[in-house]
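Engineer: what follows is a predicted structure for the sequence shown.
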Amino acid sequence: MTLGLIDRTTRDVDLVALRREGELLDPRPLPQGLLDARARIAEDFGLPRDWLHAAPSSLLDFGRPAGFIERLERRDYGPALTVWLASRLDQIHFKLYALADQAPGSKHDLDLRSLDPTREELLAVAQWAVTHDPSEGFRHELSAVLAYLGVEDADLGA
């Protein structure tokens, strides 16, 4: 990943939000200028047309992790492109949520392990995750994932 926290090549880039004047905006639908640039890059580098997509932006529909904006890490690529990257802690948020939604052994499992979250981080992140899906089924899956990760006594409420 771009921050150097995970040593895995990806085939796409997940766009969670657009940032304007310190505010995060829903990127759906992607602005035309960004769509045009994405198409040019796909053609130039032989990438799939949807290599840059906003599918994970729904993660922020029910609220972002506390401190998310303050933890964003800025990268400038020349004068025309600034990219804000989710911090390690926020990637733990997104990866734990995805892992509970999928299954151990997935790419999210490997990515989360590469981020090497502490027990305390996993417990805090789990509290955020249940705000996004408060269903009993998700709580059960999240508890199972936490136990799989070595956190067997998580209290996720009801």
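Structural biologist: Yes, it's here.
Engineer: most distant residue from the middle of this structure?
Structural biologist: D44 (26.8 Å; Cα atoms, centre = their mean).
Engineer: quick one, phi psi at that one?
Structural biologist: With angles defined as degrees, to the nearest 10, D44 sits at phi -60, psi -30.
Engineer: wait, a strand at F62?
Structural biologist: No: going by DSSP: H, G, I helix; E, B strand; the rest coil, the assignment for F62 is coil, not a strand.
Engineer: can you tell me the closest non-neighbouring residue to it?
Structural biologist: H132 (4.8 Å; Cβ to Cβ, 6 or more residues apart in numbering). Glycine gets a C-beta too; all of them are placed from N, C-alpha and C.
Engineer: hmm, Y97 and that neighbour touching each other?
Structural biologist: Yes: the criterion here is Cβ atoms under 8 Å, and H132 meets it with Y97 at 6.5 Å.
Engineer: more neighbours: those two, which one.
Structural biologist: Each of H132 and Y97 has its neighbours counted (other Cβ atoms under 10 Å); Y97 has more, 23 against 17.
Engineer: how far away is L99 from I41?
Structural biologist: To I41, L99 is 30 Å away according to Cβ to Cβ, to the nearest Å.
Engineer: contacts for stretch 103-110 next, please.
Structural biologist: R8, K95, A98, L99, Q102, V145, Y148 (Cβ atoms under 8 Å, 6 or more residues apart in numbering).
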